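Colleague: Pasting the sequence and the predicted coordinates here, then a few questions.
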Amino acid sequence: MSTSLPTLGYGLGLRSEYYQQILEQSPAVDWFEVISENYLVQGGKALYYLDAIAERYPLVMHGVSLSIGGPHALDIDYLKQIKQLAERVQPAWVSDHLCWSRGSAHQLHDLLPLPYTEESLYHVAGRVRQVQDVLQRPLVLENVSSYVRSKADEFTEWEFLNALTHLSGCQLLLDVNNVYVSSRNHGFDAWAFIRNLPPESIRQLHLAGHMDYGDYVIDTHDHPVCDPVWALYQQTLELLGPVSTLLERDDHFPPFEELLTELGKARELGATALGRRALCA
Amino acid sequence: MRLTDWQLAFEQHLLSETVNSSFSATLLGGPTLDVDTGLGIYHNAYRARLQDVLRDDFSAVWYWLGDDEFALLSTAYIRRCPSRHYSLRWFGERFPGFILEHLIAEQSAPLAELARLEWAFTLAFDAPQGEPLMLQDMAQLPPEAWPGLQVQLVPSVQQMLCHFNSVAVWRSSKNEANFPGSEALTEAQVCLIWRHRNVCQYRTLEPAEAWALVGMVTTGWSFSELCAELAVTYQEGAPLQAVTWLKQWVQDGLLQRRES
């Protein structure tokens, strides 16, 4: 699989709350990430805005329903719809999550964790190759936040991701906030997670907010990014160099200007981190 | 435990009411997050996400029932009809039918009708666009093409026969006005729900207009056949009545050409 994908700069998750402002104001956002499932429909407002925004900005497609680690057969109809949508909007890449979201008979609509075992590894790697065959492009997979882990784990999460990229040729969407959330919940070193990933496989970064309950943290995407996640983000860029960065917000939507200000903060902190990297080179 | 068995146990945990201790025993928590709390986060998220979808898609039913009764109804629905489609957009598809089965008849009939009305809006919202006729198209139609003109509904149009004042209840919920009370209509009313210029629309039709529209879009009457049918009631005023309705339907964005 080719790894020659572009670095897009600083982007926002495209949400219907901001459609009109994006078209009217043409904000200084380098790119948008769209939730693929929101556009797997036959007509209406969502597709209208998608087409209009695709004419003005680079897009990336981000799915939530692939269920790459699920116990069921892969949904080929779903994949074909993803492929058709990709033909329509020409995304820079297509991503989903390293998780499972469908059970034996029911859709569970959550990003559920996998046991990090050899059995899971070969199960997921085989399915990634199947997906890539259908989509005819590398699949980009995101690490998820988790709240339990399996006693049967044979690998750390980063070891699993390393092995998966090696076996399947998939690439990674490193969600810095998810690393932070899981590190707090499971008591591992967030920086050890990031510095042990294969740098050449990291295609994109996610930044988002969460709810901190003290004893544990829940990935809610309804708050601004917190300081420890910003610090981890800067460390990540110092290590990796420029990587396409995406700010997510999925609830408690602030005025669009606030999101733009937060994206501006990502740019500033990113520039500082990349400057430090250049000095140390 | 094999991967599949572990996943099935996880699924059972999400779908069930009680904690399965043998599944909990396969898991680890963290320094300050115990396994039961971690599993509770997944369990709550599963229900909360599905209930949010139902509240969004059936906001008038929610408005009618209030928080507590709606929560009971939606919890029962989630248990009976777990999601089958990868997209949450389709989770509410069976909700109107479930209401009919689940509640006593006096309450279920008007509430299910309201739920069907709300679901019709979701169907209109993202249906294919079709090729709606515009008044400009009609103006450019040569005189000799009028008698044979045939039309059909654009794909977004949903037709409902309302036996209750569901439209008034729906409207009051949107306006956050006082609940008008559910009432049976003396005569059932046709309601159309569709999308025009990316905005959902609705309109109730008087029986004569509904009959004329069905004649054209379902029976397949041409414009001259519509005039002939209307002549029984409207005599020489039939062509004017036919044009008046046709213009209204085209302005509303309800019609596209039927190619014979």
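Modeller: Yep, it's here.

Colleague: what about the strands in chain A?
Modeller: For chain A, the strands defined by DSSP state E cover A:10-13, A:31-35, A:59-62, A:94-97, A:100-102, A:107-112, A:139-142, A:149-150, A:171-175, A:202-207, A:211-212, A:217-218, A:244-247.

Colleague: mind listing the helices for the stretch 1-150 of chain A?
Modeller: A:19-25, A:45-56, A:76-89, A:118-135 (DSSP state H, counting those that start in this stretch).

Colleague: just checking, what's the longest strand in chain B?
Modeller: Looking across chain B with DSSP E, the single longest strand is strand B:184-196.

Colleague: got any ranges where the stretch 51-200 of chain B has weak pLDDT?
Modeller: Counting by pLDDT under 70, the stretch 51-200 of chain B shows no low-confidence range.

Colleague: circling back to that earlier point, mind listing the strands the longest strand of chain B pairs with, and their directions?
Modeller: In the sheet containing strand B:184-196, its partner strands are strand B:158-164 (antiparallel), strand B:199-205 (antiparallel), by DSSP bridges.

Colleague: could you dump the ones you listed to a markdown table with mean neighbour count?
Modeller: In short, each C-beta sits where N, CA and C put it, glycine included. Below are the strands paired with strand B:184-196 laid out as a markdown table (neighbours: other CB atoms under 10 Å in any protein chain shown):
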| stretch | mean neighbour count |
| --- | --- |
| strand B:158-164 | 18 |
| strand B:199-205 | 16 |
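
Colleague: can you tell me which residues contact B:A9?
Modeller: B:M1, B:N20, B:S22, B:F23, B:T26 (CB atoms under 8 Å, 6 or more residues apart in numbering or on different chains).

Colleague: Of all pairs in those, which one is the farthest apart?
Modeller: B:M1 and B:N20 (12.5 Å; CB to CB).

Colleague: For A:V144, see how far away B:R197 is.
Modeller: Applying CB to CB, to the nearest Å, the value for B:R197 to A:V144 is 39 Å.

Colleague: More neighbours: these two, which one.
Modeller: A:V144 (20 against 9; other CB atoms under 10 Å in any protein chain shown).

Colleague: how does chain B divide into domains?
Modeller: With domains defined by automatic domain parsing, chain B comprises B:1-103, B:128-260.

Colleague: Same list (the ones you listed) but as CSV, adding distance to A:W31.
Modeller: Converted to CSV, the domains of chain B look like this (distance: least, CB to CB, whole Å):
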stretch, distance to A:W31
domain B:1-103, 24
domain B:128-260, 24
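
Colleague: Between those, which one is closest to A:L112.
Modeller: When those are compared by CB to CB, domain B:1-103 sits nearest A:L112, at 6.3 Å.

Colleague: What number of residues are in the vicinity of the closest residue to B:V157 other than its chain neighbours?
Modeller: Using CB to CB, 6 or more residues apart in numbering or on different chains and skipping the chain neighbours, the partner closest in space to B:V157 is B:W194 (4.2 Å). For B:W194, the neighbour count with other CB under 10 Å is 27.

Colleague: right, and B:W194 touches B:V154 too?
Modeller: Yes: with contact defined as CB atoms under 8 Å, B:W194 reaches B:V154; the gap is 6.8 Å.

Colleague: what is in contact with the two at once?
Modeller: Shared contacts of B:W194 and B:V154, defined by CB under 8 Å, 6+ apart, comprise B:G253, B:L254.

Colleague: Sketch out the low-pLDDT regions of the stretch 1-150 of chain A for me.
Modeller: Ranges of the stretch 1-150 of chain A meeting pLDDT under 70: A:1-5.

Colleague: at 50 what do you get?
Modeller: Where the stretch 1-150 of chain A drops to pLDDT under 50, the residues are A:1-3.

Colleague: ok, whichever residue of it sits closest to chain B - contacts?
Modeller: With CB to the nearest CB as the measure, A:G103 is the residue of the stretch 1-150 of chain A nearest to chain B, at 3.3 Å. By CB under 8 Å, 6+ apart, the residues touching A:G103 are A:G70, A:P71, A:H72, B:Q7, B:L8, B:F10, B:E11, B:L14.

Colleague: repeat that with 10 Å
Modeller: If you count contacts by CB atoms under 10 Å, 6 or more residues apart in numbering or on different chains, A:G103 has them with A:67, A:70-72, A:112, B:7-12, B:14-15, B:82.
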